[in-house]
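**Q** please work out how this folds:
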Amino acid sequence: MSITAFSRLALPDALLSNLDSLGYNAMTPVQAQALPAALEGRDVLAQAQTGSGKTAAFGLSLLARLDLASSRVQSLVLCPTRELADQVAEALRTLARKLPNVKVLTLCGGAPFGPQLASLEHGAHILVGTPGRVEDHLRKGTLRLNGLTTLVLDEADRMLDMGFQAAIDDIVAQTPARRQTLLFSATYPADATEGGLSGFTRGLLREPHIVRVEDTHDDATIEQHFYRLDKGRTMDVEAARLDALLTLLFHYRPESGVVFCHTKRDTVRVADSLSAAGMQALALNGDLEQKDRERILVMFANQSVTLLVATDVAARGLDIDGVDAVFNLGIARELEVHTHRVGRTGRAGERGVACTLVSEKERYRLLQLGERLGVEYEMEPLPEVADTRPLAAPMATLQLGAGKKDKLRPGDILGALTGDGGIAGEQVGKIKVLARSAYVAVGRGVAQQALAKLERDRLKGRNVRVRRVTQ
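**A** Alright, predicted model coming up:
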């Protein structure tokens, strides 16, 4: 039997059965190193990148140790962004689907306070939230953590970068001293060794089990290129970058790609320019309202949008599978961030490509990056392009005005779309059902037919508002 088999862990039968049904055949390195210690109740300090399986590494431990007879808050997972919190909560619900009546609640800023208060009054086993909103609830007395058994800090380095140190300190002060703490970070504290911890982790952890998983994104799965940025006849460097980006998009023609910019303003400018060139591109940055961020991520994940133009802060923590390519308009200001960007592609054994534009003024940063990673990178000229047709997203997204609160399930939507006079099952893509709404991807060529079908027929015995989501 493999030493990475989940069946070798002290997990409840319901969790093991669910893992088997989900196709979780073997543990990833971070799971194999962190889970046994976490299940024993030990504190864990782990370095692990997004996409390494860290959510299951701490999630299975939380679920295995829940007292389902009690409705008190037993576990709290803190995340740097709303998107990551939503993804973690959804992953925990998926892992827990064969356990009876497990309640996972999200507490994030940008969402109305009232509904969160109402949900808290009904109790929850696991809370997943951002530090600011969790601290708000504690300050208002709407949340108590005196029964907490496990605290998880997911992407702790990013939370510190975003200025959440004080909020985290306030939250920790209101948790039991004997709690278990699981801390996951993409970067490792410089003095975090068996003999010493950083000032931040020393106040959180008691004799932690230390896990260090090297970044698995390498040349085996990711083809990386650094292209020389030539201004040509224009003195406008930003215009030159956009022209070069279009050249690379036409050359590689990804079905899905992420374009990284330095600033929020850049994301809007680049996304607008790409859209004007006939591409399906949307900007993701911290100025967006939660509903808009949610819509954009759904559209990108279900292939209704080809390109996501994002800042590092907005994209950190996004766990989106199947990204064909990453395009950096310049080398990241912090060199370690370059690795995070590149790691968005080439996941789960799939091939990916990462392209970075480098001006002459940035050449020294390329040398620094190579020295840091022990690789000698060469600058290449931009490729010649023959096909300049705009990239086309294969799917379109429909939004329904009903969700989980209305007892709507993905099967209901699929059945309504493929019933009499409907579209074929293979023309239906990803379906995501949220609390009060739902999104479904359909083939772009049958979008109008699918929209008419849902407008005409009743769903769950009643008429449901539906619209086509556009850029």
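**Q** can we go C-alpha only for contacts and neighbour counts from here?
**A** OK.
**Q** for the residue nearest to residue 207 when sequence neighbours are not counted, give me its contacts.
**A** With sequence-adjacent residues excluded and distances taken as CA to CA, 6 or more residues apart in numbering, residue 207 is closest to residue 43, at 6.9 Å. Residue 43 sits next to 37, 180, 181, 182, 205, 206, 207, 208, 209 when contact means CA atoms under 8 Å, 6 or more residues apart in numbering.
**Q** next one: residue 271
**A** Neighbouring residues of residue 271 by CA under 8 Å, 6+ apart: 281, 282, 283, 308, 309.
**Q** now the second one. Its backbone dihedrals?
**A** Right, residue 282. phi -130, psi 150 (degrees, to the nearest 10).
**Q** sorry, back to before: measure the residue nearest to residue 207 to residue 311 for me?
**A** 33 Å (CA to CA, to the nearest Å).
**Q** swap in residue 54?
**A** From residue 54 over to residue 311 the distance is 23 Å, taken as CA to CA.
**Q** cool, and residue 394?
**A** From residue 394 over to residue 311 (counting by CA to CA), the distance is 25 Å.
**Q** what of residue 428?
**A** 31 Å.
**Q** cool, and residue 151?
**A** Distance from residue 151 to residue 311, by CA to CA: 29 Å.
**Q** next one: residue 100
**A** 40 Å.
**Q** over to residue 34?
**A** For residue 34, the distance to residue 311 equals 31 Å [CA to CA].
**Q** now do residue 440
**A** Counting by CA to CA - residue 440 and residue 311 are separated by 26 Å.
**Q** ok, now residue 87?
**A** Per CA to CA, residue 87 is found 19 Å from residue 311.
**Q** what's the residue lying closest to residue 178 once chain neighbours are set aside sitting at in phi/psi?
**A** Leaving aside its chain neighbours, residue 178 sits nearest to residue 149 (7.7 Å; criterion: CA to CA, 6+ apart). Note on residue 149: backbone dihedrals following degrees, to the nearest 10 are phi -110, psi -30.
**Q** quick one, grab the pLDDT at residue 149.
**A** pLDDT, residue 149: 96.
**Q** can you check residue 191 too?
**A** pLDDT, residue 191: 44.
**Q** burial count for residue 283?
**A** Neighbourhood size, residue 283 [other CA atoms under 10 Å]: 24.
**Q** ok, and what's touching the helix or strand that contains it?
**A** Using DSSP states H and E, residue 283 falls within strand 281-284. Contacts to strand 281-284, defined as CA under 8 Å, 6+ apart, come from residues 267-268, 271-272, 274-275, 293, 296, 305-311, 314-315, 471.
**Q** residue contacts, the nearest residue to residue 60 once chain neighbours are set aside?
**A** Excluding the flanking residues, the one nearest residue 60 by CA to CA, 6+ apart is residue 95, at 7.3 Å. Contact analysis of residue 95 by CA under 8 Å, 6+ apart lists 15, 18, 19, 56, 59, 60.
**Q** repeat for residue 384
**A** Residue 384 neighbours (CA under 8 Å, 6+ apart): 247, 251.
**Q** quick check: buried residues in stretch 96-106?
**A** Buried residues in stretch 96-106, counted by 16 or more other CA atoms under 10 Å: 96, 98, 99, 102, 103, 104, 105, 106.
**Q** what bits of the protein have low per-residue confidence?
**A** For the chain, applying pLDDT under 70 flags the ranges 1-3, 49-51, 187-200, 202, 214-220, 231-235, 313-321, 347-349, 471.
**Q** mind telling me what element residue 272 is part of?
**A** helix 264-276.
**Q** and that helix, what's buried?
**A** 264, 266, 267, 268, 270, 271, 272, 273, 274.
**Q** can you state the direction angle for the biggest helix by length in the chain and helix 264-276?
**A** In the chain, assigned by DSSP state H, the helix with the most residues is helix 237-252. Relative orientation of helix 237-252 versus helix 264-276 (axes from the mean of the first three to the mean of the last three CA atoms, to 10 degrees): 50 degrees.
**Q** summarise which helices and strands the helix or strand just after helix 237-252 is packed against.
**A** On the C-terminal side of helix 237-252, the nearest following helix or strand under DSSP H and E is strand 257-260. With contacts taken as 3 or more CA pairs under 8 Å, 6 or more residues apart in numbering; DSSP states H and E, strand 257-260 sits against strand 307-310, strand 325-328.
**Q** go with 10 Å
**A** When contacts are defined as 3 or more CA pairs under 10 Å, 6 or more residues apart in numbering; DSSP states H and E, strand 257-260 sits against helix 264-276, strand 281-284, strand 307-310, helix 312-315, strand 325-328, helix 335-342, strand 352-358.
**Q** which one of the ones you listed lies nearest to residue 165?
**A** Comparing those against residue 165 with CA to CA, the closest turns out to be helix 312-315 (16.7 Å).
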